[in-house]
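1. No letters, just coordinates:
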């Protein structure tokens, strides 16, 4: 069964860092664009970052650019999100996703989410 499983969330003080991991099983990430969304209480899910296949082009939301870094290790079938200088506004459930365009349809997978709480 294909699935994504996130880990690495937790409680951190403002200015702190966390590294999220997302491991894929049941399929290979090689041909999938991968990334992270987040959803804060009472808000809609929003894109945080994504990285393409092969060339590995990275994209970031404006409010995390310069603080977060996405990376992928296809040999380990894993996507990472290094989050530095975390702020209370980063508090949310973080979800990883993997997406592949097969031409006539787009296939995507989502993880179950990991909670990140930034508080003093």
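-> That came through fine. Remember, predicted model here, so these are calculated numbers, not experimental data.

2. From here on, just use CA atoms for contacts and neighbour counts.
-> OK.

3. Residue 93 reaches residue 112, doesn't it?
-> No - Residue 93 is beyond contact range of residue 112, at 9.2 Å (criterion: Cα atoms under 8 Å).

4. which stretches of the protein have low pLDDT?
-> For the chain, the stretches flagged by pLDDT under 70 are 54.

5. Would you tell me what the next helix or strand after the strand of greatest length in it is?
-> When the chain is parsed with DSSP state E, its longest strand is strand 92-101. Beyond strand 92-101 on the C-terminal side, the first helix or strand identified by DSSP states H and E is strand 106-110.

6. what are the pairing partners of that next one, and which direction each?
-> Using DSSP bridges, the strands paired with strand 106-110 in its sheet are strand 92-101 (antiparallel).

7. just to revisit the earlier point, residue 93 and residue 112: who's more crowded?
-> residue 93 (18 against 14; other Cα atoms under 10 Å).

8. Any idea what that one is bridged to?
-> Beta-bridge partners for residue 93, by DSSP bridges, are residue 39, residue 115.

9. ok, it to residue 44 distance?
-> Using Cα to Cα, to the nearest Å, one obtains 11 Å as the distance from residue 93 to residue 44.

10. and if you look at residue 67?
-> Taken as Cα to Cα, the span from residue 67 to residue 44 is 22 Å.

11. neighbour count winner among the two?
-> With neighbours defined as other Cα under 10 Å, residue 67 and residue 44 compare such that residue 67 has more, 13 against 9.

12. Roughly how far does the residue nearest to that one when sequence neighbours are not counted sit from residue 18?
-> Counting by Cα to Cα, 6 or more residues apart in numbering, residue 67 lies nearest to residue 84, which is 5.1 Å off, once chain neighbours are set aside. To residue 18, residue 84 is 7 Å away according to Cα to Cα.

13. With residue 66 instead?
-> From residue 66 over to residue 18 the distance is 15 Å, taken as Cα to Cα.
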